[in-house]
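>>> could you look at this predicted model? Sequence included:
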There are 2 protein chains.
Amino acid sequence: MEEKKILLSERELPTEWYNVLPDLPEQLPPPINPATGEPIKPEDLLPVFPISLIKQEISQNRWIPIPDEVLEVYKLWRPTPLVRAYELEKYLNTPARIYYKNESVSPTGSHKPNTAVAQAYFNKIEGVKRLTTETGAGQWGSALAFACNIFGLKCRVYMVKVSYYQKPFRKSLMHIWGAEVFPSPTNLTNAGRKILAEDPDSPGSLGIAISEAIEDAVTNEDTKYSLGSVLNHVLLHQTIIGLETKKQLELINEKPDILIGCVGGGSNFGGFILPFVPEKLKGKSEVKFLAVEPTACPTLTKGLYLYDFGDTVGLTPLLKMYTLGHNFVPPKIHAGGLRYHGDAPILCYLVYKNLVEAVAYTQKAVFEAAIIFAKTEGILPAPETAHAIKAVIDEAIKCKETKEEKCIVFNFSGHGYFDINAYDQYLESKLEDVDYADEMIKKTLEEIKKLPGNV
Amino acid sequence: MEEKKILLSERELPTEWYNVLPDLPEQLPPPINPATGEPIKPEDLLPVFPISLIKQEISQNRWIPIPDEVLEVYKLWRPTPLVRAYELEKYLNTPARIYYKNESVSPTGSHKPNTAVAQAYFNKIEGVKRLTTETGAGQWGSALAFACNIFGLKCRVYMVKVSYYQKPFRKSLMHIWGAEVFPSPTNLTNAGRKILAEDPDSPGSLGIAISEAIEDAVTNEDTKYSLGSVLNHVLLHQTIIGLETKKQLELINEKPDILIGCVGGGSNFGGFILPFVPEKLKGKSEVKFLAVEPTACPTLTKGLYLYDFGDTVGLTPLLKMYTLGHNFVPPKIHAGGLRYHGDAPILCYLVYKNLVEAVAYTQKAVFEAAIIFAKTEGILPAPETAHAIKAVIDEAIKCKETKEEKCIVFNFSGHGYFDINAYDQYLESKLEDVDYADEMIKKTLEEIKKLPGNV
């Protein structure tokens, strides 16, 4: 039998990130200042981000060098393996060849450190001493805590209060790496105090936590804010995933027919597929890009391509993206990382241009797929990652019906060893299928139609 | 900078396990039947183990072929990386070169599947339909559940009741892989019912759970029992660790000066060092083998080399080993995998012959070492593994003082992502240093001095 794992040596680690912006047929719609209705200027972002990251956000250079200091940290776990899922293929009795890029081998168990390490580094060299951020279930918070620990930065994480108490494990990881973690809303910011005055028992939300983290950054010297998804520079850093995958597939003379990933804000999926986009744009490849989301938060499959706020409170610039409206409150599915009302503007543009397809699944079907993967390939996937696996299984079953020997590759974005409670609930038949609310979407989309950029 | 990770391809995976028995200068003292005082015969073990594993237990063949079916499963995560711990070296400012063999990349997060997969396979081909075992914190139980799932065997795990409720995560893993898990003592066996009749609130113990698992195996058709450490065939299967490590060190022209591992029953340490033993026996190598244990259960450093029962209840054959006495009850340290009163007879013989050295550490010092490792190398170690890390740090600091550029290699036996609560307690300064009880050891050792074999 062929080798299961396609490995690269550290010498083969890509030394540049790939920037898709210059290869797109047109400029992306610009972010808009909600106060003026005008495109925002790069310098407007300086209180929030360091100049090097702002430059990356708008860069027209196709390749951005990865600093040696970042590469040295990447080498703690990168290059990550590309693995042929022979056991899953056998179980499905499919003629398809299935591969997964295993991003779960990082210190925090997901792809998130790819950008956290880069962001911490660029802040560090510009003299920033402290980073703030928000986190839901804690994947992003723990990645930034790890990265700040490496580069000697202080790190404060505003963690959605309900997650802080219900999902304490990644909070503990953040503590181990020396970060401060507070249940949001806190008494430490005006934004937090305002919410607590209205509702002392507020469970918090990602929107509130973002507001607190940004306020903390802009009101404190030597402090900047860090975001774990959505923005162009975040997807840029994540292209290390797709660049490695490309090399690995070339090593074994494979050409992918379908690339699959789950989408919350779009950073793992974006980083995975973007290096494959130019060939498709040039007509040299017919690869299908498939984005997978939960029916509980069906941004790409039920949202509209409009300008909307990135946060819930309305503090950020307006971004053109598929959105359900910033007031949309998704049901509490276990894939917390996929509960975001919008998506990365780069990814949304590709969906709008029909270059990327999207599909949505219900929670129980996704957990069923996760168990199949754990029983065949041995690794327990994060609930987010399990969305991609569900789509992979469906595509592989289609291949069985049509007798097509397709090459299916997906991004295994993270493991589920901190999500054991969710699996317990599934196995005890306590999981409910919570579907999106068509009525609510209608309302929350209506609310944003009059925002600048949409009229 | 050199590569951090020394990788082997799947083609380089060893295809034979190494059996140290024929290379030892003499036969190991034989296991003794406690009823007769005579050495036990292989066939006495047939109600408990399949014949192929009994043959491996006493084999005098230096090399035992690894079946293709086992190799295919190994390839899901093997060969495992050998990693140069550059960041830890920098932190310690040591001239020593430190490497770790990363066994935490397996599906269950430790070295345990190396033998679980082999044991499940050999039972399967002999027509066994069902395996029973005991588990404390769950590392072994989850490994056997994984292996049984792969080969289509039923699996029942008797899990120490106090761990079942306090450490539920690995129990959930066992459920995911389809095993039955019961909090022991149960009402399902005579042994369990007897304990419950005396104490309905019994928290259970590994000794009781072993009794239940063995009774279940010997009283049920098509059922055998499986043990995760101590026995010769378990260490045999674990030599895959040391064999790979040897190849990896040769690839980079390194000769180890010190090999370090933690010891509970001795399977990870044994598997790691045994392939290096022949050269030392022949005087061709001066490598130091260092076994690390907790002061709370100081088997090798405070125990006596005597015959003793392998379990607490006194059902097993008597084994010649360093022991604290089978009635010794170690304090409840977090490194549950190191709380065993005895040790593998092979390892104990090597200690008795001064070929292996041993050292013991207190709990807080061990957790401090674990945090240093997580902050430098990024991976959170299991509390058991952290014992090895503490010794590595001490040896590296000695090198700094003596300016010796030693090559230190240790086995990173497992990650700590299911032990987060223990880290929380450490960071909140709630961990106590629970030391061994000299008085109790004196008493529990006295009790065994009159056992057959010792008089």
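Yes, it's here. Residues are numbered from 1 along each chain as shown, chains lettered A, B, ... in the order given.
>>> quick check: beta-bridge partners of residue A:319?
residue A:308 (DSSP bridges).
>>> is it true that it touches residue A:342?
Yes. Counting by C-beta atoms under 8 Å, residue A:319 touches residue A:342, with 6.8 Å between them. Glycine gets a C-beta too; all of them are placed from N, C-alpha and C.
>>> and the helices in the stretch 51-200 of chain A?
A:51-58, A:68-74, A:86-92, A:113-125, A:139-151, A:161-166, A:168-176, A:190-198 (DSSP state H, counting those that start in this stretch).
>>> quick check: buried residues in the least confident helix or strand in chain A by mean pLDDT?
Scoring the helices and strands of chain A by mean pLDDT, DSSP states H and E places helix A:161-166 at the bottom, with a mean of 87. Neighbour counts over helix A:161-166 (16 or more other C-beta atoms under 10 Å in any protein chain shown) mark A:161, A:162, A:163, A:164 as buried.
>>> mind putting the residues you listed into CSV with distance to chain B?
Listed next are those as CSV, based on distance: C-beta to the nearest C-beta, whole Å:
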residue, distance to chain B
A:161, 18
A:162, 19
A:163, 15
A:164, 13
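>>> so how far is residue A:92 from the one residue in the stretch 301-450 of chain A that gets nearest to chain B?
Closest contact between the stretch 301-450 of chain A and chain B, by C-beta to the nearest C-beta, is at residue A:378 (3.4 Å). As defined by C-beta to C-beta, to the nearest Å, residue A:378 lies at a distance of 16 Å from residue A:92.
>>> can you pull out the strands in the stretch 301-450 of chain A?
Remark: strands assigned in the stretch 301-450 of chain A by DSSP state E, counting those that start in this stretch are A:304-309, A:318-323, A:356-361, A:407-412.
>>> which stretches of chain A have low pLDDT?
Residues of chain A meeting the criterion pLDDT under 70: A:1, A:435-437.
>>> what's the closest non-adjacent residue to the residue most central in space within it?
Residue closest to the average C-alpha location in chain A (C-alpha atoms, centre = their mean): residue A:267, at 3.6 Å. Leaving aside its sequence neighbours, residue A:267 sits nearest to residue A:229 (C-beta to C-beta, 6 or more residues apart in numbering or on different chains; 4.1 Å).
>>> picking that back up, just say which of the helices of the stretch 51-200 of chain A is most tucked in.
Mean neighbour count (mean count of other C-beta atoms under 10 Å in any protein chain shown) peaks for helix A:139-151 among the helices of the stretch 51-200 of chain A, with a mean of 28.
>>> between that helix and helix A:168-176, how many degrees?
10 degrees (axes from the mean of the first three to the mean of the last three C-alpha atoms, to 10 degrees).
>>> is chain B contacted by helix A:139-151?
Yes. Using C-beta under 8 Å from any C-beta of the partner chain, helix A:139-151 comes into contact with chain B via A:146, A:149.
>>> and that helix with helix A:113-125, angle?
Counting by the same axes, to 10 degrees, helix A:139-151 lies at 40 degrees to helix A:113-125.
>>> what about residue A:288, how many residues nearby?
As a burial measure, residue A:288 scores 17 neighbours (other C-beta atoms under 10 Å in any protein chain shown).
>>> which residues touch the nearest residue to it once chain neighbours are set aside?
Spatial nearest neighbour of residue A:288, excluding adjacent residues (C-beta to C-beta, 6+ apart): residue A:258 at 4.7 Å. Neighbouring residues of residue A:258 by C-beta atoms under 8 Å, 6 or more residues apart in numbering or on different chains: A:287, A:288, A:289, A:290, A:395, A:406, A:407, A:408, A:409.
>>> measure residue A:258 to chain B for me?
23 Å (C-beta to the nearest C-beta, to the nearest Å).
>>> likewise for residue A:297?
Counting by C-beta to the nearest C-beta, the separation of residue A:297 from chain B is 25 Å.
>>> let me know the secondary structure of that residue.
coil (DSSP: H, G, I helix; E, B strand; the rest coil).
>>> contact partners for it?
A:324, A:328, A:330, A:331, A:333, A:338, A:339, A:340, A:341, A:436.
>>> now residue A:5, which residues is it bridged with?
Residue A:5 has the following beta-bridge partners by DSSP bridges: residue A:83.
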